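> quick one: sequence plus predicted model below, questions after.
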Amino acid sequence: MIQVTHLSKIYKNDSVETVAINDISFSIKKGEFVSIMGPSGSGKSTLMHILGGLDIPTKGKYTLDGQDVEKLTDDELAEIRNKKIGFVFQAFNLLPRTTAIKNVMLPMVYGGVPKEERFEKAKKFLEMVGLGDRLEHTSNQLSGGQMQRVAIARALVMDPAIILADEPTGNIASTQAAEIMAIFQNLHKKGHTIIMITHEHDIARHAKRIITMKDGRII
């Protein structure tokens, strides 16, 4: 599903170069549940942005489901982000005064899903994450754990090949974190490919494989 070969990301500011990712290589098979761990500044978030098509590498090759990502146009990258990748962010990134159902319907608007299908599909995924009774609640009427469930439903609604989760339990209580990880475990059992960024060892251990980074390298 994913093949990363001699990947580097270097940021240049005036005459200063910052190496965020330094010559890393790895692969992730379809249906795997992988955690990427490391302290702050290890390069894991930069790697997540590249894997999600939100940034491009300075050097190296990234192949996603058979496509060379670094060769794609901005429009092609946008289509991949919408249809092949489901994002779950630490900060939820929900529209604050918008209902749960409308937040989940949003990717389908951009993805060209017919209007009559959007509500039913969004409702199905909200029910799947245990929020069937919260469809019309706005984000500011939900707890942190509930908002993260909405974000997971939104990530799943376009049936992506990959789910990228960036610190998905970082802003929620430990009891809610356990519930979120149970959802990810269930998704993994259903065959989803999941890549999760985390700095928490107990969260990382929910994955079947852990890739540990330090100073831009895989250690």
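Sure, I can see it. Numbers count the residues shown, from 1 in each chain.

> just after the top helix by length along the chain, pick out the following helix or strand.
Of all the segments of type helix in the chain, defined by DSSP state H, the longest one is helix 174-189. Elements were assigned by DSSP states H and E; along the chain past helix 174-189, the next helix or strand is strand 193-198.

> what pairs with that following strand, and is each one parallel or antiparallel?
Partners of strand 193-198 in the sheet, by DSSP bridges, are strand 33-37 (parallel), strand 162-166 (parallel).

> worst-scoring helix or strand of this protein, pLDDT-wise?
When each helix and strand of the chain is scored by mean pLDDT, DSSP states H and E, helix 74-83 comes last, with a mean of 86.

> next, the angle strand 162-166 makes with that helix.
Counting by axes from the mean of the first three to the mean of the last three Cα atoms, to 10 degrees, helix 74-83 points 90 degrees away from the direction of strand 162-166.

> count of neighbours near residue 11?
Residue 11 has 12 neighbouring residues, counting by other Cβ atoms under 10 Å. Bear in mind the C-beta positions are built from the backbone N, C-alpha and C, glycine included.

> need phi/psi at the nearest residue to it once chain neighbours are set aside.
Using Cβ to Cβ, 6 or more residues apart in numbering and skipping the chain neighbours, the partner closest in space to residue 11 is residue 18 (4.6 Å). Torsion angles at residue 18 (phi, psi; degrees, to the nearest 10) stand at phi -120, psi 120.

> tell me the pLDDT at residue 18?
Per-residue pLDDT puts residue 18 at 92.

> and it, how many neighbours?
Counted with other Cβ under 10 Å, residue 18 comes out at 12.

> my reading is that residue 31 lies in a strand. Confirm?
No: per DSSP: H, G, I helix; E, B strand; the rest coil, residue 31 lies outside any strand segment and is coil.

> how many neighbours does the closest residue to it other than its chain neighbours have?
Leaving aside its chain neighbours, residue 31 sits nearest to residue 191 (5.1 Å; criterion: Cβ to Cβ, 6+ apart). Neighbour count for residue 191, taken as other Cβ under 10 Å: 8.

> want to throw the strands paired with strand 193-198 into TSV with mean neighbour count?
As requested, the strands paired with strand 193-198 are arranged in TSV below (neighbours: other Cβ atoms under 10 Å):
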stretch	mean neighbour count
strand 33-37	22
strand 162-166	23
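
> how about JSON lines for these, with mean pLDDT and distance to residue 203 added?
Below are those laid out as JSON lines (pLDDT from 0 to 100; distance: least, Cβ to Cβ, whole Å):
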{"stretch": "strand 33-37", "mean pLDDT": "96", "distance to residue 203": "7"}
{"stretch": "strand 162-166", "mean pLDDT": "93", "distance to residue 203": "10"}
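
> can I get those strands in CSV with distance to residue 217?
Below are these laid out as CSV (distance: least, Cβ to Cβ, whole Å):
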stretch, distance to residue 217
strand 33-37, 12
strand 162-166, 20
